[in-house]
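Engineer: Please work out how this folds:
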Amino acid sequence: MIKDIRDFDGIESHIKSSKKGFAEAIIEYYSKLGARLGYTVRENAPVIKYGVNVGKIDLIWIETNVVFTTEFNSIDNLLRNLWKIIELNPGLAVIIVSSKSNCKPSDVSKLIKNSGITQGVKENFMILDVGRKEVVE
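Structural biologist: Got it, this is the predicted structure:
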């Protein structure tokens, strides 16, 4: 599963063939991948905790408890998604960013590594830089 998630060539190929925008095509790719791997997928899934709807997350693979979110605009937007991820407490949270965008992968990595809010769950994050085609450590 991890190898499939890190398939940057597959992502790039799908983006080129998709009629959707960049971020939407990436979520579409992971949605189709999840279904192909036999998982129940939910796009734009609501996150409801303590009886409060805290917003939506881009994609969830239900059986494996993996969530996906993209952010190419700002760290502010990422912080909203980070809150949802923390509340969901997934087995794996895949954050898809690009070194070619305003939301820099290195900043996201620093935030996750150093923030008190991510204490105890840092190891559950995977940051993918689709600009450089690499997993950010």
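Engineer: ok, then the element right after the lowest-mean-pLDDT helix or strand in the chain?
Structural biologist: When the helices and strands of the chain are scored by mean pLDDT, DSSP states H and E, helix 75-88 comes last with a mean of 91. Using DSSP states H and E, the helix or strand that follows helix 75-88 in sequence is strand 92-97.
Engineer: For that following strand, which helices and strands make contact with it?
Structural biologist: With contacts taken as 3 or more C-beta pairs under 8 Å, 6 or more residues apart in numbering; DSSP states H and E, strand 92-97 sits against strand 66-70, helix 75-88, helix 105-114, strand 125-129. C-beta here means a position set from N, CA and C on the backbone, and glycine is covered the same way.
Engineer: got the buried residues for the least confident helix or strand of the chain?
Structural biologist: The neighbour-count criterion (16 or more other C-beta atoms under 10 Å) identifies L78, N81, L82, K84, I85, I86, E87, L88 as the buried residues of helix 75-88.
Engineer: That one - contacts with which helices or strands?
Structural biologist: Counting contacts by 3+ C-beta pairs under 8 Å, 6+ apart, helix 75-88 packs against strand 41-49, strand 52-61, strand 66-70, strand 92-97, helix 105-114.
Engineer: what residues does that helix touch?
Structural biologist: By C-beta atoms under 8 Å, 6 or more residues apart in numbering, the residues outside helix 75-88 that reach it are 47, 49, 54-58, 60, 67, 69, 71, 93, 95, 97, 102-104, 107-108, 111-112, 117-118, 121.
Engineer: cool, and stretch 122-131?
Structural biologist: 2, 5-6, 8, 11-12, 26, 90-101, 105, 108-109, 112-113, 118, 134-136.
Engineer: Return the distance of that stretch from the chain's centre.
Structural biologist: Mean C-alpha position of stretch 122-131 versus that of the full chain (C-alpha atoms, centre = their mean, to the nearest Å) differs by 8 Å.
Engineer: export that stretch as PDB, just CAs?
Structural biologist: The C-alpha trace of stretch 122-131 is given here as PDB (Å, rounded to 0.1, in the frame of the first residue of the first chain):
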ATOM      1  CA  LYS A 122       3.900  12.400  14.100                       C
ATOM      2  CA  GLU A 123       4.800   9.000  12.800                       C
ATOM      3  CA  ASN A 124       1.300   8.700  11.300                       C
ATOM      4  CA  PHE A 125       2.000  11.400   8.700                       C
ATOM      5  CA  MET A 126       3.400  11.100   5.200                       C
ATOM      6  CA  ILE A 127       4.100  14.300   3.300                       C
ATOM      7  CA  LEU A 128       4.300  14.000  -0.500                       C
ATOM      8  CA  ASP A 129       5.900  16.700  -2.500                       C
ATOM      9  CA  VAL A 130       4.400  16.300  -6.000                       C
ATOM     10  CA  GLY A 131       6.500  19.100  -7.300                       C
END
